[in-house]
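[1] test case, fold it:
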Amino acid sequence: YSGSGLIDTTLQDGMTIARYAWKQYAATVGITGLERRNNNGKQQIINLLKSKEKQAVMTMKNLMSVDAFGDGTGSGGLALTGLGALISASATVGGIDPATYPWWKSHSTSVGSWAANGKNKLRTAVNTLSFGNIKPSIIFTDQTSYEYIESAEDSKERFSDKDVLDLGFDNITFKRIPILFDRDCTAGYMYLLNGENISFEVNKQADMEVGEFQTPTDQDVSTAMILFQGNMTVDNRRRHGVLTGITA
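    This is a model prediction of the structure:
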C-alpha cells in the first residue's frame, strides 16, 4: 500500500502501477439505557450487542455485494470499484485509460439472444481469454441469464464442478469453468474472471471491526461504529471478460 493513501497494484509487466482508492463502509451499533436496564446481567447485554452487531455487519455485506457488481460511483464514490468498472473495455481503472493503453482492456461483447448466440459468444470469450493453461476460473451471471443457459443446454453439458459443489453451490460448467448466478449481478451480464488477477484488498485496521462504545453526556444511549475499508482491484484486465445484453 502506498503512503499516499492509495492501494498500489503492480501489473503483470512488473513495472506499471495501478492505483486504486480506498473505499469505506460504516454502520452504527447502539444500545439504549432502557435496553441495558431491561436486559439484566452482563451475559444478556453481551448477547444483545452480538445480535445488533451481526445485523449491522450483514447489512454492510449485503450493500457491498450489490456494489461489487457496480462501477464504484455509488455513495458519492465511496462504493467498491466493482466489476462494472474493473471488467470493461472503456472505463479508466487504477488511473490507467484503456483508450491510451489498449492492453488495459477486458474482452467485452454483446450477446443478444442466448439461444441464438450465447454459446458461440461464450466460447469465443473463453478462447480469447485463454493463454496456454491460463483461462477464466469462474463465471458469474444473474439468475435470469443463468436460467437461459439451463434451458438451452442438454443434459450432457450440464455437469457440475465438484470443487464448487463441495462449497455448497450448485452450478453448471462451460469448458470446465463453473458458472454461478448471483442475485446482485447486473441483469443480462456475464463476467468471466481469472482468480489470479483480481483481488479484494482489506485494510487490517478496518475489517468489520467494532469500535469503542461512546455515551454522549446528554443521551441515554451508547453507540459504536463498525468500519470496513478496502477495495476490489485487478492487475491484468486482459485476463477477464464480460458478455452483455443477454436475452432469451
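
[2] from here on, contacts and neighbour counts on C-alpha atoms
    Fine.

[3] in the chain, what secondary structure element scores lowest on mean pLDDT?
    Every helix and strand of the chain was ranked by mean pLDDT, DSSP states H and E. The lowest is helix 162-166, at a mean of 63.

[4] tell me which helix or strand comes right after that one.
    strand 172-174 (DSSP states H and E).

[5] report pLDDT for the residue nearest in space to the middle of the chain.
    Nearest to the mean C-alpha position of the chain, counting by CA atoms, centre = their mean, stands Ala68 at 3.3 Å. As predicted, Ala68 sits at a pLDDT of 97.

[6] low-confidence ranges, the chain, go.
    Scanning the chain for pLDDT under 70 picks out 1-5, 12-15, 154-170.

[7] same thing but at 90, please
    1-17, 31-33, 35-50, 75-78, 132-133, 150-173, 209-212, 217 (pLDDT under 90).

[8] which residues in it form helices?
    With DSSP state H as the criterion, the chain has helices at 33-38, 42-67, 74-77, 83-86, 119-128, 143-152, 162-166.

[9] list the contacts of Ala115.
    148, 152, 248 (CA atoms under 8 Å, 6 or more residues apart in numbering).

[10] neighbours of Arg237, just the number please.
    Number of residues near Arg237 (other CA atoms under 10 Å) recorded here: 25.

[11] quickly note the distance from it to Thr223.
    Distance, Arg237 to Thr223, using CA to CA, to the nearest Å: 42 Å.

[12] ok, Asn171 next?
    According to CA to CA, Asn171 and Thr223 sit 42 Å apart.

[13] who's more crowded, these two?
    A side-by-side neighbour count of Asn171 and Thr223, using other CA under 10 Å, places Asn171 first with 19 against 15.

[14] does that one touch Ile177 like I think?
    No: counting by CA atoms under 8 Å, Asn171 stays clear of Ile177, with 9.8 Å between them.

[15] ok, Tyr189 touching Thr247?
    No: applying CA under 8 Å, one finds Tyr189 not in contact with Thr247, separated by 9.7 Å.

[16] ok, those two, which is more surrounded?
    Between Tyr189 and Thr247, counting by other CA under 10 Å, Tyr189 is the more crowded of the two (22 against 18).

[17] excluding chain neighbours, what is closest to that one?
    Computed as CA to CA, 6 or more residues apart in numbering, the closest residue to Tyr189 that is not its neighbour in sequence is Thr244, at 4.5 Å.

[18] thought Val111 was touching that neighbour, still the case?
    Yes: contact criterion CA under 8 Å: Thr244 and Val111 qualify, at 6.0 Å.

[19] which one's more surrounded, the two?
    Between Thr244 and Val111, counting by other CA under 10 Å, Val111 is the more crowded of the two (22 against 17).
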